[in-house]
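here are the coordinates; sequence isn't available:
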């Protein structure tokens with residue numbers, strides 16, 4: 001971990017996107033308290049308890065003219081400082097007092113088109129490189145606050 005690996009923003013919604021900013025989240029086995037998904041068919045399973053994304057990637061997309069910002073793509077936790085190409089299924093993260101394991105890439109859906117000037121939400125699909133949001137399973141519930149440290153654990157931990 002470097003000193004800049006941290007929680008940049010936290011988000012929840014009562015369903016759909018964008019998710020709204022919060023300074024603090026209580027994280028249980030099923031995810032962030034107060035967070036709900038409109039479609040439980042594609043979202044909200046235990047392996048999708050948390051959605052995480054890179055603040056640096058959001059910055060790049062915004063600099064390219066897309067109206068994207070933290071929380072708009074439905075992530076609960078926006079992080080800064082992590083080498084995002086190393087955040088992939090199987091790795092574990094310690095985020096504040098929460099421990100989680102990245103379970104899968106979050107496949108983007110049409111509801112995200114509004115955050116891309118050309119409507120091409122598929123640009124953040126994992127097949128295009130380390131651009132995707134990720135889902136994580138909660139291994140140890142806890143609390144998160146903006147500014148908390150984020151630690152990418154070694155794969156053999």
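Alright, I've got the coordinates. Just so we're clear, the structure is a prediction, and the values are computed from it rather than from any experiment.

and the residue nearest to residue 139 when sequence neighbours are not counted, how many residues sit next to it?
Closest residue to residue 139 apart from its sequence neighbours, by CB to CB, 6 or more residues apart in numbering: residue 99 at 4.6 Å. For every residue, glycine as well, the C-beta is placed using N, CA and C. Using other CB atoms under 10 Å, residue 99 has 19 neighbouring residues.

Who are the contact partners of residue 25?
Neighbouring residues of residue 25 by CB atoms under 8 Å, 6 or more residues apart in numbering: 10, 12, 32-34, 76, 143-145.

Over to residue 83?
Contacts of residue 83 were listed using CB under 8 Å, 6+ apart, and they are residue 152.

who does whichever strand or helix holds the residue nearest to residue 139 touch, helix- and strand-wise?
If you go by DSSP states H and E, residue 99 is part of strand 98-106. When contacts are defined as 3 or more CB pairs under 8 Å, 6 or more residues apart in numbering; DSSP states H and E, strand 98-106 sits against strand 50-54, strand 92-95, strand 133-140, strand 142-145.

same thing but at 7 Å, please
strand 92-95, strand 133-140 (3 or more CB pairs under 7 Å, 6 or more residues apart in numbering; DSSP states H and E).

so where is this structure shaky, pLDDT-wise?
Applying pLDDT under 70 to the chain picks out residues 1-4, 36-46, 155-157.

same thing but 90
Along the chain, the model assigns pLDDT under 90 to residues 1-4, 14-17, 34-48, 109, 111, 153-157.

where do the strands sit along it?
6-12, 20-22, 24-28, 31-32, 50-54, 77-80, 92-95, 98-106, 133-140, 142-145, 150-153 (DSSP state E).

Quick one: the ones you listed as CSV, columns for distance to residue 123 too.
Formatted as CSV, these follow (distance: least, CB to CB, whole Å):
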stretch, distance to residue 123
strand 6-12, 21
strand 20-22, 24
strand 24-28, 28
strand 31-32, 26
strand 50-54, 13
strand 77-80, 18
strand 92-95, 24
strand 98-106, 14
strand 133-140, 12
strand 142-145, 28
strand 150-153, 24
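
Stretch 142-157: which residues count as buried?
Within stretch 142-157, the residues that count as buried by 16 or more other CB atoms under 10 Å are 142, 144, 146, 148, 150, 152.

Next, find the distance separating the third one from residue 67.
Distance check for residue 146 against residue 67: by CB to CB, to the nearest Å, it reads 22 Å.

And the last one, by the same measure?
Noted for residue 152: a distance of 29 Å to residue 67, by CB to CB.
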